[in-house]
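Colleague: generate coordinates for the sequence data below:
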Amino acid sequence: QVQLVESGGGLVQAGGSLRLSCAASGSIFSIATMAWYRQAPGKQRELVAAITRGGSTNYADSVKGRFTVSRDSPKNTVYLQMNSLKPEDTAVYYCNAQGVVTGFAPANNYWGQGTQVTVSS
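Modeller: Numbering: from 1, shown residues only. Model (predicted):
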C-alpha cells in the first residue's frame, strides 16, 4: 500500500514563503513523476509543478519564477518551495505520484490527502 503524506501548509502573509513536503511510503521501486496540484474553492484542480525522475520540471505559468519543485528520489520525497506568495495562491495543495512501481503490479498513480495553504492580503 502506497501512501503520500504532505506537510508544511499553513497561513502566511502575502509576500511570504512556505515549503511543502510530500513523502511517499510503501514498497516502492520507483516513481516516474512527482507533482503538486492545487484546488481553490469553486475551481478545478490544477497542476502547479511537476518533476520527473530525471529532474525535468514543469510549472504553471502563474507560479513560474516564484515556486520551485525538487525531489529526493532515494527518499521518495518531493518538495515545493513557494516564495512571493499571493492571496490567489490560497488553495488545498495535493501531492501526486505518477508511474509508481511496486513489486510486480502495474504502475499506478497516487494522491496525498492535501494540505491547506492560505495567503492573507
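
Colleague: against Leu47, how distant is the residue sitting furthest away from the middle of the chain?
Modeller: In the chain, the greatest distance from the average C-alpha position (C-alpha atoms, centre = their mean) is reached by Phe104, at 26.2 Å. Separation of Phe104 from Leu47 (C-beta to C-beta, to the nearest Å) stands at 30 Å. Where C-beta positions appear, they are placed from N, C-alpha and C, glycine not excepted.

Colleague: what helix or strand is the residue most central in space within the chain on?
Modeller: Geometric centre of the chain, nearest residue: Trp36, 2.6 Å, by C-alpha atoms, centre = their mean. Per DSSP states H and E: Trp36 is located in strand 30-39.

Colleague: got a list of contacts for whichever helix or strand comes after that strand?
Modeller: Going down the chain from strand 30-39, the next helix or strand is strand 46-52, by DSSP H and E. With C-beta atoms under 8 Å, 6 or more residues apart in numbering as the contact definition, strand 46-52 has outside contacts at 32-39, 57-60, 63, 67-71, 78, 80, 93.
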